[in-house]
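*Asks:* just the structure for this:
(3 chains, ligands or ions: 4)
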Amino acid sequence: MSGDVQPQDSNQQAGHGDGHEDGHGHSPYQAHHFDTMRQQFEAGKLGMWLFLATEVLLFGGLFCFYTIYKANDPELFKWGHHFLDKRWGATNTMVLLFSSLTMALAVREAQLGRKNRIIFFLVVTFLCGAGFMGIKYVEYSKKFEEGLFPGKYFAYENVVDAEEARMHEQEQQKLAHTELDLPQAKVVTELPKAQGLVLQPATPPMGLAAPPKEPDDHGGGASSSVTDAGHAPGLALDPSHLPPGPRPANAHVFFSIYFCLTGLHGIHVLIGMGMMVWLMVLASQGRFGPGYFTPVDLGGLYWHLVDLIWIYLFPLLYLVE
Amino acid sequence: MSHPEIDPLPESEDVKSGAGAASTDELGPSYLTVTKTISSWVFTLDHKRIGLMYLVGVLFMFLLGGVFALLVRTELFSPLAILTPLFASTPEAQADLYNKWFTTHGAIMVFLVIIPGVPAALGNFVLPLLLGAKDVAFPRLNLGSFYLWVTGAIFFIYVLFSGGIDTGWTFYTPYSAESGTAVIPALIGVFILGFSSIFTGLNFIVTIHKMRPKGMTWFKMPLFLWATYSTAVIQVLATPVLGITLLLLILERTLGIGIFDPRNGGDPVLFQHFFWFYSHPAVYIMIVPPMGVVSELIATNSHKRIFGYTYIAFSSVAIAIFSFLVWGHHMFTSGQSTTMNIIFSGITFSVGIPSAIKIFNWLATMYKGAIVLNTSMLYGISFIFLFTIGGLTGLFLGVLSIDMHLHDTYFVVAHFHYVMMGSGLVGFIGGLHHWWPKMTGKMYDEFLGRIACVMVFIGFNLTFIPQFVMGSLGMPRRYYTYADKFEGYHQLSTIGSYVMAAGFFLTAYYLIQSLISGKKAPMNPWGGNSLEWHTPSPPPLENFYSVPVATDPYDYVGMEYDQATGNYSTIKPDQLPARREER
Amino acid sequence: MIAIPTILADSEPSFWLPAPVSNFAGPIDGDFYFVYWVSIFFLVLITLLLGIFMWKFRTPPGAKAQSHKDHHALLEVVWTGVPIILSVMMFWYGYRGYVDMVVPPNESISIVAEAQKWAWNFSYASNGAVIPGMSDDFNDVRAQIRAGALTPEEANAAEAKILEKAGLHVPMGVPIDVTVMAADVLHALFIPAFRVKKDCVPGRTGKLWFIATEPGIFDLFCAEYCGQGHSWMHSKVVVHETVEEYEKWLAVAGSYDETLPFADNGKIVWKRRGCISCHSIDGSKKVGPSWDGMFGSTRKFAATGTPGESIADEAYIQESIRFPMKKIADGYPPQMPVVKLTDKELLWVTEYIKSLGQNSGGTVSPRKDN
Ligand code: HEA
Ligand code: HEA
Ligand code: CUA
Ligand SMILES: [Cu+2]
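*Replies:* Ligands and ions are numbered 1, 2, ... in the order given. A predicted model of the protein is given here:
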């Protein structure tokens, strides 16, 4: 990306900085134990790459768990991913991709030393991060409402089980009347997806939708009869969340993995946002220019990694089929 | 933290060659004396001070771990409860107490002593010196690593006070998911220590890559740097996996996420895979740096070029690479698949080859050398002997059929004490003696040093050789009481541990004494030629008075000993006899 | 007090390894001694060289090395090559020996060894009998020997008595196929004399097999750390000389004497099925609540299971045994394993608990300290 732009040795750009020069022609940002700015920059960059390697391995461990459990129990993942909303996931992917672009622009502006533009792009990146976290918040609260907690707090059965069973039954009865010759299991498997698609245009993104207490009143066609009839108050169960088939024995494991992966990633986004603020402060002090832009550069690398990890996470969790 | 400017001294030839044997205080303030406030230590960015703080911390933790070892050994003197009844009344509580003792012992020794021992404590001090650099690449990060270590240590101390932990240092699930002891603080502690280790490794890799002085190519680096470099790679690549595993274990305990605990649908063997994916490479984090130390000790004290430099250098790298591929040899009986067992057993032997290469090259270095049997050399020689035993017994365990019998017996306990304590720790103590004059500017009592080394050596073998025998006779490890037929072996072992402890206490005594009343150390008391011996003892704040030029670290021909000052100095080039005539 | 001399006077036939009494002992010991002699060779070589160099080339400070030769290609090749060859051999022997241990022959006697905290249960496929390991009884004998209360002969007799209805019994000369399982945490079945070991992993089964080659009584240990009782979770293996003898033993050992009162059989269940390791009958607290005075008392439940409280009647007790994780007695860890009792055993043990409650006279609150 921007790695090929090297800072010039500070001797050649005297005049930058604000009088901190100590007579040796050193940049004020050069630490005492480095011989040249270039050495310092390269050291910083190598350090950052190594750090990113450890991050990759940290997530790598989790991805390994994902792979192993998916290999052992593919049904679990097919079942579980129906609870994740692809639309939100895709939106978040776009948000992060865009933020990577603005981050790259911020790095470029830092190399050029254009203070206001640096800050502008950093702010945009920051806002993208915030937007991402906002969407995650919406998704998480939806899960929590439905009792889809990780591990032993998994309480889906308490909240939804009866509902789910009843709806399956209704669906099957209805289908049995209309399309008698279809094998039943198959119908059930395909159904929720089909419903989701039918509903999509008409439905506002879930979670942003009306608070859970209100009865569902959207949609039409096949699904409305399902959702409206006897929908217990307090259950904002969107039909697109109706998973196919029976609940696998270790349903909670899917959500454990989901929360671990997205949670750890979320923490990294938060750290990245904190870093953005710090960079803004540095930028507003006019620190960055052709001779010194290491922090922005390294921050950029970090942000790209966070982005990249999400790009792997999204299909692995949301697009299982 | 900006450093106060130091006056560059006139670059006298004396300082450069060390002929004046000057100690820093005659030339100007040393890093120890340049500032004196407490905050100048607590917030220091100087790698030497950080190294010294690590050293104090690590030695303290070694004492703590050693006390637990002595408790364990005393309890095992008899199959009856003899020590635990002082602290607990029912047999159940006594067994719990014993379990906490060995867990605490193992965890402290591994995570707080031997992993940070050589790299963080000694490495921090000497690595920039060996490179002729002013500091490591990221001094702030370095200080951060130290405080992470301190935080981890505090968590461990907290664990001690909140009733201890009884899972074994391996934290195997599902026991660790249900044990009623302070597992979570201990896991957090290890997690934090892991990051301390990662950042140290990262710092060293960058320092070695980017801060070598002009003229020091990779193959002109002292071997200690090759060793720390290989280790740093393992630290950076393996530790994060441990981190995530421990995090998940914490979540398993708090949320029951069902990854490791079969009751929640998890897989306990998976935990073992992830644990050993880190912890096997970690055993080479414990041994490769001490091997680097020993390369320096043997060459310097034999006053002879190190034999087979490139082979030793590459063997460190080879060990680092192979170390990632053999973790399954800890799980031969665990129920992993037969194929995996066979593959892991096969690869396990590959680590023996680079280890053998090192041992034989050290021996060849000693051949026709001028061997000065001072304390550090005695530790170096002990290392070779003990590591040979430890490594060779590792081969027994790597052989699939034999491990069916030996797994989780005292044979394994003895094996890993020979490699961790007998080699890792002995190498560390050897290095400590080697660089002590450089660190503190003081000479310790050579006579007591040798006595203590011999005591540790004898005590150590007396402690652990009987454990090999009873292990292969079938004594399982982590046993609080045992069958009567093993009593004799346990008693020998306990007696040995007391002898060893006495040796270490003697060491502590004369080292402390040297600080108070030791002779001033000359610049180069052992005749080394790597860069740290070309600056006064203790070094000044920024390590060198003038920019050092890379030397050939193993060229001892030009060294002249001065009886009066106890110092070796470099002969000026024009006075040199024809060098390396024999090559 | 000092037992070191016994090392020399010991009963084991060899210094390093216990008596070899299974088909695997021979090959494994062979592998062991191969590695052993290779190791001795290198150890002696290295030690000798160290000693000689240390002695011959030692100098006071200041002396010069006699040579500065620093490489020798042939030497490097030799000391790389020889270990490589030896390593390959070691691996090969180990591999061969191991593969033999993995696959049991078809014609074998099947036994299931189930580990729980901290007891063994051996179920015999031929008649479904469940025979306990009886660690506690062996521990008692051991303690009495140490205390001087039993002579060696009396101790042997006492052990023989216990073994009538306990331990892992196998006939000589027949392949035995052991399936290992665990009810709670990791354990490992380890029989040093047979050179076999296998981890018992909860949620999985493992296999090991062997042919015993000599009659006798041998140690059986738990070799994987499993908490408090790990070191007393041991038992004995009895090798019978003939299959007939073994079957005769099995027929008797697996049965209860149904003419006894229920509560008496309940006490046998308590010992046999390992309840004893967690439940006392004298009011003292072990891992689980004591059964003394439990019956009829009011039990409070911790929030980790279904909270609430109830009277400990028969139904409650049987539920607690069948589904231990449902209601967790307050103040105790949720550590009780599912022990699969037969219907009769369940009945007996309930009667037994009932009898203990009555003995101490009606309702006693579970634990005074909460
Ligand atoms: C510093 C730490 C350290 C080091 C360096 C080693 C080195 C080795 N270890 Fe060890 N090991 C541990 C620490 C270490 N180990 C610990 C802590 C455990 C137990 C953990 C626990 O369960 O709590 C353990 C357990 C352990 C096991 C599992 C045992 C079990 O639980 O069943 C095995 C099995 O293969 C093993 C093998 C080896 C081998 C082959 C080497 C090799 O690297 C050794 C190589 C060296 C030599 C071979 C000697 C030199 C060579 C010659 C003299 C030439 C002749 C050589 C040949 C013919 C090949 N080790
Ligand atoms: C580096 C690692 C290390 C070191 C150095 C030691 C050192 C010792 N260890 Fe330990 N040990 C382990 C790592 C280590 N151990 C591990 C990982 C386990 C497994 C735990 C588990 O199963 O979970 C274990 C388990 C273990 C057991 C088995 C317990 C069991 O399975 O039931 C035993 C039993 O004898 C034992 C004994 C000893 C003894 C006697 C020492 C002695 O060498 C100690 C001597 C040291 C002292 C007495 C301290 C003196 C120090 C000072 C005076 C400080 C100042 C010093 C100087 C300035 C030099 N250790
Ligand atoms: Cu069961 Cu150890
Ligand atoms: Cu290993």
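
*Asks:* do stretch A:62-81 and chain B come into contact?
*Replies:* Yes - Stretch A:62-81 lies within reach of chain B by CB under 8 Å from any CB of the partner chain, at A:62, A:64, A:65, A:68, A:69. Bear in mind the C-beta positions are built from the backbone N, C-alpha and C, glycine included.

*Asks:* which pLDDT does the model give the closest residue to the fourth one other than its chain neighbours?
*Replies:* Nearest in space to residue A:68, with sequence neighbours left out and distances taken as CB to CB, 6 or more residues apart in numbering or on different chains, is residue B:270 at 6.5 Å. Per-residue confidence at residue B:270 stands at 91 (pLDDT).

*Asks:* got it, and residue B:51?
*Replies:* For residue B:51, the predicted pLDDT is 94.

*Asks:* which other helices and strands contact the helix or strand hosting it?
*Replies:* Element membership for residue B:51, per DSSP states H and E: helix B:47-75. On a contact count with 3 or more CB pairs under 8 Å, 6 or more residues apart in numbering or on different chains; DSSP states H and E, helix B:47-75 meets helix B:91-107, helix B:124-131, helix B:139-161, helix B:426-440, helix B:487-517.

*Asks:* any chance of a markdown table for these, columns mean pLDDT, mean neighbour count and distance to ligand 2?
*Replies:* Shown next, in a markdown table, are the helices and strands packed on helix B:47-75 (pLDDT from 0 to 100; neighbours: other CB atoms under 10 Å in any protein chain shown; distance: least, CB to the nearest ligand atom, whole Å):
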| stretch | mean pLDDT | mean neighbour count | distance to ligand 2 |
| --- | --- | --- | --- |
| helix B:91-107 | 93 | 22 | 3 |
| helix B:124-131 | 92 | 27 | 15 |
| helix B:139-161 | 94 | 19 | 14 |
| helix B:426-440 | 95 | 26 | 6 |
| helix B:487-517 | 95 | 18 | 3 |
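
*Asks:* what ranges of the chain fall below the confidence cut-off?
*Replies:* Because you didn't say which chain, this covers chain A. Across chain A, the ranges flagged by pLDDT under 70 are A:1-28, A:147, A:155-247, A:249, A:321.

*Asks:* wait, chain C
*Replies:* C:1-12, C:358-370.

*Asks:* is stretch B:240-247 positioned near chain A?
*Replies:* Yes - Stretch B:240-247 lies within reach of chain A by CB under 8 Å from any CB, at B:240, B:241, B:243, B:244, B:245, B:247.

*Asks:* quick check: pLDDT value at the residue of the stretch 201-350 of chain B found nearest ligand 3.
*Replies:* Residue nearest to ligand 3 within the stretch 201-350 of chain B: residue B:333 (12.9 Å; CB to the nearest ligand atom). At residue B:333, the model reports a pLDDT of 93.

*Asks:* before we move on, what about the one 10 residues further on?
*Replies:* You'll see residue B:343 listed with a pLDDT of 93.

*Asks:* one step back: element containing the residue nearest to residue A:68?
*Replies:* Here residue B:270 is assigned to helix B:268-302, by DSSP H and E.

*Asks:* off-centre distance for that helix?
*Replies:* Distance of helix B:268-302 from the chain centroid (CA atoms, centre = their mean, to the nearest Å) equals 8 Å.

*Asks:* then stretch C:263-273?
*Replies:* Distance of stretch C:263-273 from its chain centroid, counting by CA atoms, centre = their mean, is 21 Å.

*Asks:* now that stretch - C-alpha only, CSV.
*Replies:* Written as CSV, here are the backbone C-alpha positions of stretch C:263-273 (Å, rounded to 0.1, in the frame of the first residue of the first chain):
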residue,chain,number,x,y,z
ALA,C,263,-30.1,-51.4,53.7
ASP,C,264,-27.2,-53.9,54.1
ASN,C,265,-26.9,-54.3,50.4
GLY,C,266,-27.2,-50.5,50.1
LYS,C,267,-24.1,-50.3,52.2
ILE,C,268,-22.3,-52.6,49.8
VAL,C,269,-23.5,-50.4,46.9
TRP,C,270,-22.1,-47.4,48.7
LYS,C,271,-18.7,-49.0,48.8
ARG,C,272,-18.8,-50.8,45.6
ARG,C,273,-20.0,-48.1,43.3
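
*Asks:* for residue C:234, give me phi and psi.
*Replies:* When read as degrees, to the nearest 10, the backbone of residue C:234 gives phi -130, psi 170.

*Asks:* how far away is it from chain B?
*Replies:* Taking CB to the nearest CB, to the nearest Å as the measure, residue C:234 and chain B are separated by 8 Å.

*Asks:* quick revisit: give the contact list for the residue of the stretch 201-350 of chain B closest to ligand 3.
*Replies:* Taking CB atoms under 8 Å, 6 or more residues apart in numbering or on different chains as the criterion, residue B:333 is in contact with B:403, B:404, B:407, B:408, C:188, C:197, C:198, C:199.
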